[in-house]
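# Okay, structure incoming, though there's no sequence with it:
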């Protein structure tokens, strides 16, 4: 007697077929749903007499953009207007990320200070600015702080810093003919300083006598700078002071009220998150590490630099990346105060041309690209600091 | 007896020297222990005093708070008709009742929150700008809160009653405000102020939760079509700013709907906020799912549960419990983000602030208006983050 007849499983109970059927059904549903929506859109657009397509980008934009990193006239195309918008987004994002990192890390470390007052003050800052909406903060900076400042002619001044309701004007540098030489000499000096520092440090570790690596590095830098001075007979840059003209300041660096408001809002808001991340990161380093470092006799600054921070950075990087992305995305709130970045320019073009779908698609693509680039950079950085495991 | 005496003696002998705690000692230890700490203390103290002094003089002498008192009703409920205000009060009473029941059942964090709520009611009862009818309503709310607290503390099975009660009361509240049956419908364009802010946040958070769970399960699923659909959705939404989603809801959604079908302005924004939060919620839930050790899946399989049963009875309850603090954090950020609807033309708390300060009677009162609404946002967001920290402690998350 062999085994009884094999019973074949019916296909509706077959674990190999069911998931496939389920997925096909799901895919069909999704396609049908989107097909329906797109069909509606096409009929709607036809009725309005708008053709889907990106040709409109070559038409004249004919609206003004007050701040631009590249040349832009109202007679330029929509494509160029969008490019100006993208560049303005990048400008706010890059400056914002730099400043927010500095502020956030300082506050995060201050939060762990052994000075009671500093600890409480930074805690107060975090609780106040973290729990109010960013948009309200931006409005406060713009409408309640910057706009009530005096007119250009009666600007507040602190030395050569001028504050008025159009923004601020501060001294800035302009490049001169020798800047290039200065840059090259400083780069060479910096690289050789690092090499000498590492060399002396290695020597010190091998031989065990003091070789003063920091002293050597600084000496190298000073020598290279004096060399540059001797060769060029001038400083690296000219300082340009803002001067009051008839209608506005000229010279120096002028930042518009809109830019300042959105920058202040973004930096002060995002820094609270960075501060909390830095604090949590430092606190999460095992207490045994601190004790071990103390046991081998490291002083507290060395311990922080060589033992605690390298381990904390690993925990800090991923959430900080997402805060950088948040800052970039939140820069779109600039539309509320009229700083013309991507969303603001896109919204104006959308109202003028009626090509809503295309413009929102462009916005999505740009933001996704920015997110991708930021995560890529942070991932590379993350890989470098990650613990190497088996 | 003698043993006891000996113990007492021993205790007296080894008793530590009573700490001579004086303010000077404390200050020397915490503020002036090194020269740079001394410098830091002086700097921070100077900063604190100057900020505090400026703020206080402004709040007490320079600011003209009449703009807040005169427009208080606008800030709270906007242009909602005065004759129908009783509907909002009754809706609030239902919520207060449920709040009290929950406070009585769960005690702990909910009880602390109900203290905050009653403090808010009390402040409004004694505040000079509150209308007399409002004072009566508020007193009724306060009585209701205390009353329902005792009910919640007494009745058995109240945990189940809580869940069912909240689930029933939220649609009832919405119906009350919107109007149904004999209550005439009130158009959503007069749903303004803090009421709209709270409604947007509540709807987005509650509705995004189930969608987020589905998306997270989809993302962790082994079926490729479902997995990549969910991954695509989540990453797409997380990559773009909320304001573009609101623009899509306002500008694109009507284009994609069949002719004749229109969705109300407020509903469209609610939809946008829900689908936006769902992507973030999904990532939170995924974090919870990943924290469940594999042994749980294997054990469930061993006792013969199928995948659906494993997920609903074994995995999800543990995963969701672990991420309660994260969900509260997500809710706080959604609550703050509702202010963005002011950009797309809805009149929430921020939107009403914009229109109040453009009233010619109150020109130039920017700071007062914004500081007031920032304070309102702050009180609510801070209460939520406070409760999140308490829950985190009681769950023991982060103390490994």
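On my side now, so go ahead. Please read these numbers as outputs of a predicted model, since none were measured by experiment.
# need the contact list for the nearest residue to residue B:101 once chain neighbours are set aside.
Leaving aside its sequence neighbours, residue B:101 sits nearest to residue B:152 (CB to CB, 6 or more residues apart in numbering or on different chains; 3.8 Å). Where C-beta positions appear, they are placed from N, C-alpha and C, glycine not excepted. Contact analysis of residue B:152 by CB atoms under 8 Å, 6 or more residues apart in numbering or on different chains lists B:100-105, B:158, B:162.
# Among these, which ones are in helices?
B:100-105, B:158, B:162 (DSSP state H).
# Flag the shaky bits of chain B, pLDDT-wise.
Across chain B, the ranges flagged by pLDDT under 70 are B:1-21, B:396-400.
# Run the contact check for the top helix by length along it versus chain A.
The residue-count maximum for a helix in chain B (DSSP H) belongs to helix B:366-395. Yes - applying CB under 8 Å from any CB of the partner chain, one finds that helix B:366-395 is in contact with chain A at B:366-367, B:370-371, B:373-374, B:377-378, B:381-382, B:385.
# Can you say which of these are buried?
Among the residues of helix B:366-395 next to chain A, those classed as buried by 16 or more other CB atoms under 10 Å in any protein chain shown are B:366-367, B:370-371, B:373-374, B:377-378, B:381-382, B:385.
# so what are the domain limits for the chain?
As the question left the chain open, I've gone with chain A. Per the record, chain A has its domains at A:11-48, A:78-135+A:259-385, A:173-240, by automatic domain parsing.
# looking at chain B here, not the other one
B:64-78+B:188-400, B:81-185.
# tell me the contacts of residue A:142?
If you count contacts by CB under 8 Å, 6+ apart, residue A:142 has them with A:257-258, A:261-262, A:337.
# again, 7 Å this time
Contacts of residue A:142 were listed using CB atoms under 7 Å, 6 or more residues apart in numbering or on different chains, and they are A:257, A:261, A:337.
# so can I have a markdown table of these showing distance to chain B and neighbour count?
Formatted as a markdown table, the contacts of residue A:142 follow (distance: CB to the nearest CB, whole Å; neighbours: other CB atoms under 10 Å in any protein chain shown):
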| residue | distance to chain B | neighbour count |
| --- | --- | --- |
| A:257 | 13 | 21 |
| A:261 | 12 | 26 |
| A:337 | 10 | 23 |
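# Let me know whether whichever strand or helix holds residue A:294 sits next to chain B.
Per DSSP states H and E: residue A:294 is located in helix A:287-295. No - for helix A:287-295, no contact with chain B is found by CB under 7 Å from any CB of the partner chain; the gap never falls below 12.7 Å.
# List the buried residues in stretch A:93-103.
The neighbour-count check on stretch A:93-103 (16+ other CB under 10 Å) flags A:93, A:96-97, A:99-101, A:103 as buried.
# where exactly do the helices run in the stretch 251-390 of chain A?
According to DSSP state H, counting those that start in this stretch, the stretch 251-390 of chain A carries its helices in the segments A:257-284, A:287-295, A:300-303, A:309-330, A:342-353, A:356-385.
# Now do the fourth one: everything it contacts.
Applying CB under 7 Å, 6+ apart, the external contacts of helix A:309-330 come out as A:93, A:96-97, A:100, A:134, A:266, A:270, A:273-274, A:277-278, A:281-282, A:284-285, A:289, A:367, A:370-371, A:374-375, A:378, A:381-382, A:385-387, B:241.
# Show me what the mean pLDDT comes to for it.
Across helix A:309-330, pLDDT averages out at 89.
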